[in-house]
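*Asks:* here is a sequence together with a model predicted from it:
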Amino acid sequence: QKEVEQDPGPLSVPEGAIVSLNCTYSNSAFQYFMWYRQYSRKGPELLMYTYSSGNKEDGRFTAQVDKSSKYISLFIRDSQPSDSATYLCAMSGPSGGYQKVTFGTGTKLQVIP
Amino acid sequence: DGGITQSPKYLFRKEGQNVTLSCEQNLNHDAMYWYRQDPGQGLRLIYYSQIVNDFQKGDIAEGYSVSREKKESFPLTVTSAQKNPTAFYLCASSISGSEQYFGPGTRLTVT
């Protein structure tokens, strides 16, 4: 079993839809959770960075962490064609010294005009 | 502008040749990382460095080497010992370790 599981998609939605992207994980030591957006043939761009459980909102993006269920989500409201990309979740353990970041394999999203 | 640069964007080499990928950052980050990305797989850590003149092997270090002589620079050499070198290589840097910022990547093709 992989430490981080992410549905590869592709996920196709119409423009304006609310998108829900999800990851599950098995390592209860993870405390830092990230979402990256990666356009084709580009480097990943950090979208959201959260610590422990709860929600964090930034514009049209909301990151949600449920540590009890070992489940994280990224919601995109009013999705746009420019949101079409692969979304990677990532997570790491407690701070103090080097903590390896474990990445999901990514979910490919296509927003159709 | 602060950021991470990687060069070249595309690189072609013949099998048996060593090749060095460049990574430079002006974010004043202490830590730097090299990942490899293959289709359908997550990012796999090759090497990381938390401080100048020190670096550690990641999960797939065999066939790769690095140096960290300056805080801003973390070049990666793909040696002829790497059995499947064709891939997309990503460099990243961070202050704390978790919040990593990536460069644009170098696509290496070995034939």
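*Replies:* It's in.
*Asks:* all strands in chain B, in order from the N-terminus.
*Replies:* Listed in chain order, the strands of chain B (DSSP state E) span residues B:4-7, B:10-13, B:19-25, B:31-37, B:44-51, B:54-57, B:64-66, B:76-78, B:87-94, B:101-102, B:106-110.
*Asks:* now do the buried residues in the last one.
*Replies:* What that stands for is strand B:106-110. B:106, B:108, B:110 (16 or more other CB atoms under 10 Å in any protein chain shown). Every C-beta, even on glycine, is put in place using the N, C-alpha and C of the backbone.
*Asks:* need the contact list for the last one.
*Replies:* In other words, residue B:110. Neighbour list for residue B:110: B:12, B:13, B:14, B:15, B:17, B:19, B:78, B:85, B:86 [criterion: CB atoms under 8 Å, 6 or more residues apart in numbering or on different chains].
*Asks:* any idea which element the closest residue to residue A:62 other than its chain neighbours lies in?
*Replies:* In space, not counting the residues next to it along the chain, residue A:62 is nearest to residue A:75; the distance is 4.4 Å by CB to CB, 6 or more residues apart in numbering or on different chains. Per DSSP states H and E, residue A:75 falls inside strand A:71-76.
*Asks:* tell me which residues touch residue 42, please.
*Replies:* You didn't say which chain, so I picked chain A. Listed by CB under 8 Å, 6+ apart, the contact partners of residue A:42 are B:104, B:105.
*Asks:* sorry, should have said chain B
*Replies:* For residue B:42, the residues meeting the contact criterion (CB under 8 Å, 6+ apart) are A:4, A:88, A:102, A:103, A:104, A:105, A:106.
*Asks:* any weak-confidence spans in chain B?
*Replies:* Judged against pLDDT under 70, the low-scoring parts of chain B cover residues B:1-2, B:97.
*Asks:* near chain A, which residues of chain B? Just list them.
*Replies:* Within chain B, the residues that sit near chain A (CB under 8 Å from any CB of the partner chain) are B:4, B:6, B:31, B:40-43, B:45, B:48, B:50, B:56, B:88, B:90, B:96-105, B:107.
*Asks:* 10 Å instead?
*Replies:* Where proximity means CB under 10 Å from any CB of the partner chain, the interface of chain B facing chain A comprises B:4, B:6, B:9-10, B:31, B:33, B:35, B:37, B:39-45, B:48-50, B:56, B:58-59, B:88, B:90-92, B:94, B:96-107.
*Asks:* can you pull out the low-pLDDT segments for chain A?
*Replies:* Applying pLDDT under 70 to the predicted model, the residue ranges of chain A that meet it are A:95-97.
*Asks:* drop anything exposed from the residues of chain B next to chain A.
*Replies:* B:4, B:6, B:31, B:33, B:35, B:37, B:42-43, B:45, B:48-50, B:58, B:88, B:90-92, B:94, B:97-103, B:105-106.
*Asks:* excluding sequence neighbours, find me the nearest residue to residue A:1.
*Replies:* Distances taken as CB to CB, 6+ apart place residue A:26 nearest to residue A:1, at 6.2 Å, with adjacent residues excluded.
*Asks:* which residues sit in contact with that neighbour?
*Replies:* Counting by CB atoms under 10 Å, 6 or more residues apart in numbering or on different chains, residue A:26 makes contact with A:1, A:2, A:3, A:4, A:5, A:70.
*Asks:* pop out the phi and psi values for residue A:81.
*Replies:* phi -50, psi -30 (degrees, to the nearest 10).
*Asks:* can you pull the buried residues of stretch B:5-14?
*Replies:* So for stretch B:5-14, counting by 16+ other CB under 10 Å, buried means B:6, B:11, B:13.
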